[in-house]
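# Dropping the sequence and predicted coords here.
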There are 2 protein chains.
Amino acid sequence: MNNVSEQPQVTLDDVARSAQVSPATASRVLNGATKVRPDLRERVLAAAAELAYTPNAHAQALARASSQTVGVICHDIGDPYFAGVARGVMRAAADEGLNVILGSTFRDPDREVAYVSMMRGQRVRAILLIGSGFEDRAWRQAMRREIAPYTAAGGRVAAVSRHQDLRLDTVLPENRAGGAALAEAMLALGHRDFAVLTGPPRLTTVVDRLAGFQDALAKAGITLDPGHVVEGAFTRDGGFEAATELLRRGLRATCVFALTDVMAVGALAALRGHGLAVPADVSLAGFDDIPIIADLTPPLTTVHLPLEELGKRVMAMALRPASPRSRVERVSGEVILRESTAPPAPRFHDGLVPGVRAVGAVPLHETYTPALPAGPHENVERIFE
Amino acid sequence: MNNVSEQPQVTLDDVARSAQVSPATASRVLNGATKVRPDLRERVLAAAAELAYTPNAHAQALARASSQTVGVICHDIGDPYFAGVARGVMRAAADEGLNVILGSTFRDPDREVAYVSMMRGQRVRAILLIGSGFEDRAWRQAMRREIAPYTAAGGRVAAVSRHQDLRLDTVLPENRAGGAALAEAMLALGHRDFAVLTGPPRLTTVVDRLAGFQDALAKAGITLDPGHVVEGAFTRDGGFEAATELLRRGLRATCVFALTDVMAVGALAALRGHGLAVPADVSLAGFDDIPIIADLTPPLTTVHLPLEELGKRVMAMALRPASPRSRVERVSGEVILRESTAPPAPRFHDGLVPGVRAVGAVPLHETYTPALPAGPHENVERIFE
DNA sequence: CCTTTGCTGGAAAGCGTTTTCTATCTGGCA
DNA sequence: TGCCAGATAGAAAACGCTTTCCAGCAAAGG
């Protein structure tokens, strides 16, 4: 079939033969702890270079019963959120001399389970689950069935932003607190009427961010009009469609909260397409702080998450030996007020919030972190439960 | 060290023993072509499920002397360009049932070579090089030294957007033609004075895009003022800095071409920061058509590349058996005129281009493909050299 | 000068699969 | 009824490496 004549791979035996030593010695030279006579060592090294020898990683993994590989599973590597976290993971992997097997599930739960199984087969040192889990009983069970034997055999699993049901070591963005903080910030701006663009309700991230947002509103005595909560896909187009639907229903809100920045980007386009100015006519806020949104016009208010840091952190977590109790590192979000949010236009005021314009004097681009426990230098808090 | 008692991995022998058959039979049941007596088959399947058996992929790879893995090397997975291509690769990999080992070089040539070596060790079926190569003699030699024995042993290597020196199967965006087409489009708008924000001159992409751009200008009798060519990193901040430097030098150009969209994003911020309106004061164009730029204000004119398609295509290429001559699939770019480019403001006119405003009547958002061979349905042309 | 200790190199036993190869057993046909 | 072909299960070799276990040798000590 293949007319190109294939030379056989050069093996350690070839190197050993060429250097006139035993395979054992060759192995020791190449990665051994024990001493080898200098001249033999020389010969082996020379032979290896000469033959362009590369050890068969599979054979090594088999013989050593351990691998230098970690698995990473995300929903969509094309999404800036995951790309950002993945960048952190790649950086950490490079530092640790680890290889990364990447899985992109395209948001298919079955594919996620399949990836775990596959990585289990690869005997990866650790599996990193990036992104929200699914609120799905069958899925959770399937995952558990894969994960249990893996961890029992010494495998490590760590997650970013996961539901607690799987009891994994987790780097947990404070989605709930972040949603609440954002709501408080918007309330402080004077908004009283909100709309939310949500994602698939099966995702824990959706549930948490929305809940936090609603909590804070409730504390202010405000309930979210169910008609003002529109679901869309966690994509730019999903945001666009959700915002369009919102407008179709007749938007009364003065502030729209898109559960992710990616959705917010689409929403911005939709709002603008309908002749609404942001923030003059309506404020818009997102969540995640993906790199691009500071360069939009207007720059988007959001809840900042240190994406790359999340990736590094989850890797570090996975590399620590397992502990009997699952660890959780909470990473707090930070509301970043940019120009996409402003006090509501006077015509929306209900009279209960006089002088709101004054609040608008809060400088834009400034960090606003109400009610969030944040350390002086890093916004991370460790909790062992 | 690890106080968690580790159960040993369950092996095929365990399954066989539990099913009271030979390992050979168990293997045949699990993935064999030959027939096995139904009751034995049942027992094996039951045992495997019972024990949560997962075959050791390393042992399989060793025994089968082949792996189900491909390697992908890109500069920075956090960059929207690579993330987009990687998404296509992941999709294709999923379709083919292949696993992906990802390498992110962070633009370090040495790391790239190291990744190839590592993937060679993993005996990946194919290595996909995404992104520009380096114009560096030592690097090229090192790469060749890694690639030659790999391909000699039947490994496949394919690249997106590479220099031809390595003689790889390549999916080649028409960087040169794209640069030229963009120049032509800008000339048609009436621009006569240009500036270019380039990236590291070691990258072939930089060389090609710039050359194409200059070619087209030369044809129109225009030479690029060397002071109007500013180098920056291929990142948002690189674009920002390069544009800032350009402004510091005193920008006379009416049109700025950033060699990548990512740089253009930074440039846009810099221009705006200096009080310049785009496109009223200066036009701005990029290259790649990463997803976000259509949502910027103004939406960015660019040369569209089908990123995800690039990824799928390079995978397909790598999966085809090698041919004696290296294949090249050229993918033409497509100039997308959006609102970031407009005819130059009258004050910049040199009097030689009267009536330029009329040209501005060309509707925005429209596709403009001068002098590019594009098929009716896909903008791809196959060339075997 | 002989024995013991300490190194170092080689032989060989795995690591967990797949895949010949061989043996056995069944059924079919003469 | 006897023999052969066909099919199927098991034994064993192989995949390429690491690592224990030995053996041999040199140096050191008695």
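Nice, I can see it.

# tell me the contacts of whatever residue of the stretch 251-385 of chain A ends up closest to chain B?
The nearest approach of the stretch 251-385 of chain A to chain B comes at A:T297, 3.4 Å away (CB to the nearest CB). (Each C-beta comes from the backbone N, C-alpha and C, glycine too.) Each residue near A:T297 by CB atoms under 8 Å, 6 or more residues apart in numbering or on different chains is listed here: B:296-297.

# my read is it is in a strand, agree?
No. According to DSSP: H, G, I helix; E, B strand; the rest coil, A:T297 belongs to no strand; its state is coil.

# can you give me phi and psi for it?
For A:T297, the backbone dihedrals (degrees, to the nearest 10) come out as phi -120, psi 110.

# what do you get for A:G131?
Taking degrees, to the nearest 10 as the convention, A:G131 sits at phi 110, psi 160.

# Just give the number of residues close to it.
A:G131 has 23 neighbours, counted by other CB atoms under 10 Å in any protein chain shown.

# Would you quantify the distance from it to chain B?
14 Å (CB to the nearest CB, to the nearest Å).

# surely that residue meets A:V171?
No. Look at A:G131 against A:V171 with CB atoms under 8 Å: they stay out of range, at 11.5 Å.

# before we move on, back to that, look up how far DNA strand C lies from the residue of the stretch 251-385 of chain A closest to chain B.
56 Å (CB to the nearest atom of the strand, to the nearest Å).

# In chain A, what residue lies closest to DNA strand C?
When scored by CB to the nearest atom of the strand, chain A has A:R37 as its residue closest to DNA strand C, at 2.8 Å.

# so what pLDDT did that residue get?
Looking at A:R37, its pLDDT reads 87.

# Give me the neighbour count for it.
11.

# That one and B:V113, how far apart?
31 Å (CB to CB, to the nearest Å).

# Could you list the buried residues of stretch A:229-242?
Using 16 or more other CB atoms under 10 Å in any protein chain shown as the test for burial, stretch A:229-242 gives A:229-236, A:238-242.

# what about the strands in chain A?
A:69-74, A:99-104, A:126-130, A:156-160, A:169-173, A:194-198, A:229-231, A:255-258, A:283-285, A:302-304, A:327-331, A:334-336, A:367-368, A:380-384 (DSSP state E).

# Let's have those in JSON lines, adding distance to B:S66 and mean pLDDT.
Listed next are these as JSON lines, based on distance: least, CB to CB, whole Å; pLDDT from 0 to 100:
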{"stretch": "strand A:69-74", "distance to B:S66": "18", "mean pLDDT": "97"}
{"stretch": "strand A:99-104", "distance to B:S66": "17", "mean pLDDT": "96"}
{"stretch": "strand A:126-130", "distance to B:S66": "24", "mean pLDDT": "96"}
{"stretch": "strand A:156-160", "distance to B:S66": "28", "mean pLDDT": "95"}
{"stretch": "strand A:169-173", "distance to B:S66": "35", "mean pLDDT": "94"}
{"stretch": "strand A:194-198", "distance to B:S66": "45", "mean pLDDT": "97"}
{"stretch": "strand A:229-231", "distance to B:S66": "45", "mean pLDDT": "97"}
{"stretch": "strand A:255-258", "distance to B:S66": "46", "mean pLDDT": "98"}
{"stretch": "strand A:283-285", "distance to B:S66": "51", "mean pLDDT": "98"}
{"stretch": "strand A:302-304", "distance to B:S66": "46", "mean pLDDT": "98"}
{"stretch": "strand A:327-331", "distance to B:S66": "39", "mean pLDDT": "94"}
{"stretch": "strand A:334-336", "distance to B:S66": "49", "mean pLDDT": "96"}
{"stretch": "strand A:367-368", "distance to B:S66": "54", "mean pLDDT": "38"}
{"stretch": "strand A:380-384", "distance to B:S66": "44", "mean pLDDT": "36"}
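
# Deepest in the core, which of these is it.
Greatest average neighbour count among the strands of chain A goes to strand A:255-258 (a mean of 32), per mean count of other CB atoms under 10 Å in any protein chain shown.

# who does it pair up with?
Strand A:255-258 has the following strand partners under DSSP bridges: strand A:194-198 (parallel), strand A:283-285 (parallel).

# so who does the closest residue to A:D289 other than its chain neighbours touch?
Excluding the flanking residues, the one nearest A:D289 by CB to CB, 6 or more residues apart in numbering or on different chains is A:H304, at 3.9 Å. By CB under 8 Å, 6+ apart, A:H304 lies in contact with A:288-289, A:333-336.

# what does A:V256 give?
A:194-197, A:243, A:246, A:267, A:271, A:282-285.

# Let me know the pLDDT of the residue lying closest to A:R43 once chain neighbours are set aside.
If the residues on either side of it in the chain are set aside, A:R43 comes closest to A:A19, at 4.1 Å by CB to CB, 6+ apart. Looking at A:A19, its pLDDT stands at 93.
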